[in-house]
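A.B. asks: Below are the sequence and a predicted model; questions follow.
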Amino acid sequence: MNKIDLNCDLGESFGRYSLGLDEEVIPFVSSVNIACGFHASDPQVMERTVKLAKKYGAGIGAHPGFPDLMGFGRREMDVTPEEVKAYMTYQLGALYGFCRSAGAPMVHVKPHGALYNMAGRDYRLAKAVCEAVYAFDPELKLLALAGSQMVKAAWDTGLFCAQEVFADRAYEEDGSLADRRKPGAVIEDEELAVRRVIRMVKEGKTEAYTGKEISIKPDSVCVHGDSLKALDFVVRIRKALEAAGVEVAAF
């Protein structure tokens with residue numbers, strides 16, 4: 001592979017609480033996923049992050065999650081497909097308003113946290129996510145966990161889908177993300193993260209949490225913006241990709 005997208009989840013500060021190094025990270029990524037107010041962010045943060053992404057030419061995506069500010073959207077909820085559609089539409093509309101005002105296109109959607117993981121394994125929820133995106137704007141692209149039910153649902157719905165891999169997360173043998181509560185599930189070693197990314201991009205393979213080698217298809221590589229090492233990760237990963245002859249560009 002000679003081209004890959006490098007994305008980061010950003011715009012997750014709210015009120016008096018600051019999270020992430022958005023202004024420092026954005027120049028090094030090709031796409032940004034901006035929180036839409038449910039799991040994080042607020043109107044001013046959304047507006048500022050959209051303008052920063054436009055300034056640096058990064059592709060702008062909505063990052064909708066569950067209405068769970070205290071749990072940062074990482075706690076699973078008992079929801080129906082109809083509720084998921086409504087949550088998605090509400091948040092897409094919120095970010096679209098700021099994109100429209102800034103004259104910056106919203107080009108993709110990436111669900112957040114527990115919603116992302118649940119839709120990744122539950123086709124009904126995945127289809128609800130995709131149908132909400134398609135109804136809002138069929139030209140929007142879906143950014144989804146590689147090999148997940150969201151990818152299948154996107155194809156069935158008629159959405160373009162970019163398959164995502166993670167620089168800072170360990171994988172289970174089935175290609176799902178290892179539970180954050182497991183030791184080593186969140187990768188903090190920069191050298192390890194860089195090696196894993198290069199192998200995923202160049203060879204389409206990685207090592208699962210159990211040590212088993214698994215196949216994986218990347219169109220985009222994600223670094224979590226709330227990580228303490230997010231800036232170090234994106235800088236080193238971008239340099240390593242370019243050194244390996246891989247162009248970093250929005251999908």
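C.D. replies: That came through fine.

A.B. asks: Tell me how far stretch 171-179 lies from the chain's centre.
C.D. replies: Put simply, stretch 171-179 sits 16 Å off its chain's centre (CA atoms, centre = their mean, to the nearest Å).

A.B. asks: Now do it, average pLDDT.
C.D. replies: When pLDDT is averaged over stretch 171-179, the result is 90.

A.B. asks: Excluding its own residues, what touches that stretch? List them.
C.D. replies: By CB atoms under 8 Å, 6 or more residues apart in numbering, the residues outside stretch 171-179 that reach it are 117, 120-121, 145-148, 166, 169-170, 184-185, 206, 208-210, 212, 214, 216. (Glycine included, C-beta is placed from N, CA and C.)

A.B. asks: How about stretch 69-84?
C.D. replies: Contacts of stretch 69-84 (CB under 8 Å, 6+ apart): 14, 38-40, 65-66, 68, 87, 112-115, 117-119, 124-125, 127-129, 132, 180, 226.

A.B. asks: Pull out the buried residues from those.
C.D. replies: Among the contacts of stretch 69-84, those buried by neighbour count (16 or more other CB atoms under 10 Å) are 14, 38-40, 65-66, 68, 87, 112-115, 117-119, 125, 127-129, 132, 226.

A.B. asks: Of the residues you listed, which belong to helices?
C.D. replies: Y87, G113, A114, L115, N117, M118, A119, L125, K127, A128, V129, A132 (DSSP state H).

A.B. asks: so which pair among these is furthest apart in space?
C.D. replies: Put simply, by CB to CB the two of these set farthest apart are G113 and K127, 19.1 Å from each other.

A.B. asks: Does anything pack onto whichever helix or strand I34 is part of? Which helices or strands?
C.D. replies: According to DSSP states H and E, I34 maps onto strand 31-35. Here strand 31-35 touches strand 3-10, helix 43-56, strand 59-63, strand 106-109, going by 3 or more CB pairs under 8 Å, 6 or more residues apart in numbering; DSSP states H and E.
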